[in-house]
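Student: Build me a model from this:
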Amino acid sequence: MSYFRKLDTKLPHLLELLNREERWLIVINADPDAMASAMALRRIMIHRVADVAIARVNEITRPDNLAMIRYLRIPMVKLTPTVAAQFDRFAVVDSQPHHHPLFRDLSFSLVIDHHPLSEKNPVIADFKEIRTEYGSNSTIMTEFLYNMHIRPGQLLATALQFGIKTDTASFERAACDVDLRAYRYLSKFSNPALLSRVARSEFRLHWLDYFSKAFISMHKCGSGQYVYVGEVENPDILVVIADFFMRVHEIRWTAVCGVYQDTIVVIFRGDGVTRDLGRYASAQFSDIGSAGGHKAMARAEIPLEKAAGRNVELFIFKKLLAPRKSARPREEAKP
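Tutor: Sure, this is the predicted structure:
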């Protein structure tokens, strides 16, 4: 029995795109799943095109992401117009062209993703593979490597395992059988010690101050908990806190709010059973900002000016408790 589905009809189409005279740039919104996917696509392309590089649109500050880059030796540059001008073709993995403003400036020849599709923003590319039922994009890339008979090296296999681990929350979030099979297959080639070292690099020492604020500011919000931590140096801190609270037995879902520069950011995490957080976030916040995501994880971003001088903590709390409205499509914001 094969580990994965056959890609006999897709591989020829993909390989037709790869010209030895062209330079490719893989563009990502860097997180573990995106970085691992980019590494895998780079491995597929590296001997088939003139050059291939990886560029990120975001700043990377989370300790686990930084540890992943350092220990797994991921080569990346920041996307700028100067960088983009050096390449002939562009690919995006673990995202779709409408997910980030900087993506819209590029014409993508290749898109591989697992996030929900948007009727308002159809994906247009020479090659696209979008598997919304998969828990991680790293699973899709593992399938491609397997079908192309490419044995992943130790660093690549470890990166793909970490990508699957983070996007499925160690299979506690939405995933399917193929995610588990991919993780098991990659374990033949990965380094468990490296994987553990990267996975444990979750916090910075001064982040404990934010945890202290979070513990003090917890508010009951229906079946969940609302937490406000004030101004943050990076919204990734809110993600870490939200993930932490989901380890508490009594908490079914949580909304962690903070202010980053001129934006109010709300991170949602849940058990995937109590309520559909993607729809909930969209229903409560899409009228004043961007909001959406998956059933167990979502995000909302609201311009600070929308609070109009009001107490931000109370303003967001009231929005969370307000009667639900009809939700807009939940792909507007990526969690």
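Student: pretty sure Ala214 is in contact with Val229, am I right?
Tutor: Yes - between Ala214 and Val229 there is a contact under C-beta atoms under 8 Å: 5.2 Å. Where you see a C-beta, it was placed from the backbone N, CA and C, and this is true even at glycine.
Student: Between the two, which contacts overlap?
Tutor: Taking C-beta atoms under 8 Å, 6 or more residues apart in numbering as the contact rule, Ala214 and Val229 both touch Ile241, Val256.
Student: Would you pull up how far stretch 39-51 lies from the middle of the chain?
Tutor: Relative to the mean C-alpha coordinate of its chain, stretch 39-51 is positioned 22 Å out (C-alpha atoms, centre = their mean, to the nearest Å).
Student: Quick check: end-to-end length of that stretch?
Tutor: Stretch 39-51 has an end-to-end distance of 14 Å (criterion: C-alpha to C-alpha, to the nearest Å).
Student: heads up, I number from 56, so please use that
Tutor: OK, 56 is where the count begins now, so the last one is stretch 94-106.
Student: buried ones in that stretch?
Tutor: Neighbour counts over stretch 94-106 (16 or more other C-beta atoms under 10 Å) mark Met94, Ala95, Leu96, Arg97, Arg98, Ile99, Met100, Val104 as buried.
Student: what's the answer for stretch 320-337, then?
Tutor: For stretch 320-337, burial by neighbour count (16+ other C-beta under 10 Å) applies to 320-327, 329-337.
Student: send the alpha carbons of it over as PDB?
Tutor: Extracted in PDB, the C-alpha atoms of stretch 320-337 (Å, rounded to 0.1, in the frame of the first residue of the first chain):
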ATOM      1  CA  VAL A 320      -4.900  42.000  17.000                       C
ATOM      2  CA  VAL A 321      -7.100  39.200  18.400                       C
ATOM      3  CA  ILE A 322      -5.900  35.600  18.300                       C
ATOM      4  CA  PHE A 323      -8.400  32.800  18.600                       C
ATOM      5  CA  ARG A 324      -7.700  29.200  19.600                       C
ATOM      6  CA  GLY A 325     -10.100  26.500  20.500                       C
ATOM      7  CA  ASP A 326     -10.900  22.800  20.700                       C
ATOM      8  CA  GLY A 327     -12.600  22.700  17.300                       C
ATOM      9  CA  VAL A 328     -15.800  21.400  18.900                       C
ATOM     10  CA  THR A 329     -17.300  24.200  21.000                       C
ATOM     11  CA  ARG A 330     -17.600  26.700  18.200                       C
ATOM     12  CA  ASP A 331     -16.300  27.500  14.700                       C
ATOM     13  CA  LEU A 332     -13.800  30.200  15.500                       C
ATOM     14  CA  GLY A 333     -13.200  31.200  11.900                       C
ATOM     15  CA  ARG A 334     -16.900  32.000  11.400                       C
ATOM     16  CA  TYR A 335     -17.100  33.600  14.900                       C
ATOM     17  CA  ALA A 336     -14.200  35.900  14.300                       C
ATOM     18  CA  SER A 337     -15.600  36.900  10.900                       C
END
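Student: I'd like to know how far Ala336 sits from Leu161.
Tutor: Ala336 is 27 Å from Leu161, where distance means C-beta to C-beta, to the nearest Å.
Student: Low-confidence bits of the protein, can you list those?
Tutor: 56-57, 229, 379-390 (pLDDT under 70).
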